[in-house]
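>>> Generate a structure from the sequence data that follows.
(one chain, ligands or ions: 1)
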Amino acid sequence: MTKTFPGLFVVVEGIDGTGKSTLVSNLYKILRKKGVDVLVTFEPTHGKWGRKIRQSFSMSKRMEPEQELSLFLKDRKEHLRETVIPALEAGRVVLCDRYYFSTMAYQGAMGLDPKGIKERNTTFAISPDICFLLELSPDKAIERITHGRKEAINNFEKLEYLNKVAEIFSSLNEDCIIRLDAAMSPERLSKTAAEIILKKLDDKGGLN
Ligand code: TMP
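Residues are numbered from 1 along each chain as shown. Have a look, this model is predicted:
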């Protein structure tokens, strides 16, 4: 769904281990220093549906793909209504860690049709102004997760699955997508992304 707001909706996407959260937090700092009013948010949320999704991550058996998809859609509807759209209407920059491109890629990798997933989203979900897609090979991403963070790999982070997820991400061709090489240093990555956001804000005539 395309709708124009006074604010700017920026989403960050990519497989686990690409540094999305670090990019979001660095962008927040850079934009705040420039005096931009920024809201940072993420999906799955900490709302009732998001909590159900996160609980399911810790279970040994994954939910059925349709059931999982339905929870992500409910979570996103609530998130847009309660958090994202009010901030965009107030003229803020919203930085969102994951959005419906993740649903296309992750639930698509579970066997659902990514195009069908997108159609079910766009009946209610607004298109972002920018989608930064962080790209890194699944091997390197897993290495970062296991060595860098010393975390156990959960159900969502198995290599074979991530390979399928990465394949779908790389096939996406929406106009808002800007691909960034996640092998860049976090500083370069955030500087590059911040310049793109600031240019877009400038083109819009700045924010209030
Ligand atoms: P996080 O690691 O960014 O907190 O996200 C948790 C997991 O949720 C991650 O492995 C990807 C998954 N996910 C989906 O499967 N579908 C979705 O629509 C979203 C937003 C996330």
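
>>> So which bits of stretch 68-75 are buried?
Residues 68-69, 71-75 are the ones in stretch 68-75 that count as buried (16 or more other C-beta atoms under 10 Å). Where C-beta positions appear, they are placed from N, C-alpha and C, glycine not excepted.

>>> Stretch 102-114 now?
Neighbour-count burial for stretch 102-114 [16+ other C-beta under 10 Å]: 102-110, 112, 114.

>>> I'd like the residues you listed written out as CSV, with pLDDT and secondary structure added.
Conversion of these to CSV gives the following (pLDDT from 0 to 100; DSSP: H, G, I helix; E, B strand; the rest coil):
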residue, pLDDT, secondary structure
102, 98, helix
103, 98, helix
104, 98, helix
105, 98, helix
106, 96, helix
107, 97, helix
108, 98, coil
109, 96, coil
110, 94, coil
112, 98, coil
114, 98, helix
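
>>> out of the buried residues of stretch 68-75, which touch the ligand?
Among the buried residues of stretch 68-75, proximity to the ligand is found for residue 72 (C-beta under 6 Å from any ligand atom).

>>> still on that earlier bit, can you narrow the buried residues of stretch 102-114 down to the ones near the ligand?
With C-beta under 6 Å from any ligand atom as the criterion, the buried residues of stretch 102-114 include 102-103, 106-107 near the ligand.

>>> before we move on, back to that, looking at the buried residues of stretch 68-75, spot the one nearest the ligand.
residue 72 (4.1 Å; C-beta to the nearest ligand atom).

>>> Point me to the helix or strand that includes that closest one.
According to DSSP states H and E, residue 72 maps onto helix 65-79.

>>> Assess the claim that residue 80 and residue 127 are in contact.
No - the pair residue 80 and residue 127 does not pass the contact test of C-beta atoms under 8 Å, sitting 11.7 Å apart.

>>> out of these two, which sits in the busier spot?
Using other C-beta atoms under 10 Å as the criterion, residue 80 and residue 127 rank with residue 80 on top: 20 against 17.

>>> just to revisit the earlier point, just the closest of the ones next to the ligand among the buried residues of stretch 102-114 to residue 200, please.
Closest approach between these and residue 200, by C-beta to C-beta: residue 102, at 21.7 Å.

>>> ok, now which ones touch that closest one?
13, 43 (C-beta atoms under 8 Å, 6 or more residues apart in numbering).

>>> Please settle this for me: is residue 41 part of a helix?
No - assessed by DSSP: H, G, I helix; E, B strand; the rest coil, residue 41 does not belong to a helix; its assignment is strand.

>>> which residue sits closest to it, ignoring its sequence neighbours?
residue 96 (5.2 Å; C-beta to C-beta, 6 or more residues apart in numbering).

>>> What strands line up against the helix or strand hosting the one you found, and which way round?
Secondary structure assignment for residue 96, by DSSP H and E: strand 93-97. Partners of strand 93-97 in the sheet, by DSSP bridges, are strand 8-13 (parallel), strand 38-42 (parallel).

>>> List, one by one, the residues from the protein near the ligand.
For the chain, the residues in contact with the ligand (C-beta under 6 Å from any ligand atom) are 16, 43-44, 72, 97-98, 102-103, 106-107, 156.
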